[in-house]
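Trainee: whatever this is, show me its structure:
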Amino acid sequence: MKTIKYAVAAIALSTLSFGAFAAQAVTAEQAQNMSKIGVVAADGATTLDGLEAQLAQKAAEAGATGYSITSANTSNKMSGTAVIYK
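Mentor: A predicted model of the protein is given here:
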């Protein structure tokens, strides 16, 4: 029983801490005050929200604090790119 409580607590805390380090979408004005550190790409999403979440995750994994989506394409699955900033 204690193991389940600890597991639930660990999952809850990891979810909260992920949000604290997630990259945020930035406007063109905000991007002017940041340094471009690269570009990320994602594919396979079925919705625009899913694509944005994938790009945000990849930006965060690259150490970015912000990102700006530069393209989004669709055929059967969505793909897109984003410039990442720090």
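Trainee: burial measure for residue 57, as a count.
Mentor: Using other C-beta atoms under 10 Å, residue 57 has 15 neighbouring residues. Heads up, the C-betas are built off the backbone N, CA and C, glycines and all.
Trainee: so how far is residue 75 from the residue lying closest to it once chain neighbours are set aside?
Mentor: For residue 57, ignoring the flanking residues on the chain, the nearest one in space by C-beta to C-beta, 6 or more residues apart in numbering is residue 22 at 7.7 Å. Here the criterion is C-beta to C-beta, to the nearest Å. By it, residue 22 lies 28 Å from residue 75.
Trainee: those two: which has the busier surroundings?
Mentor: Ranked by neighbour count (other C-beta under 10 Å), residue 22 and residue 75 place residue 22 first, with 14 against 6.
Trainee: my read: that one touches residue 56, true?
Mentor: Yes: between residue 22 and residue 56 a contact is recorded at 6.0 Å, counting by C-beta atoms under 8 Å.
Trainee: and the pLDDT at the residue nearest to residue 47 when sequence neighbours are not counted?
Mentor: Once flanking residues are discounted, residue 47 sits nearest to residue 78: 7.2 Å by C-beta to C-beta, 6+ apart. Residue 78 is assigned 95 on the pLDDT scale.
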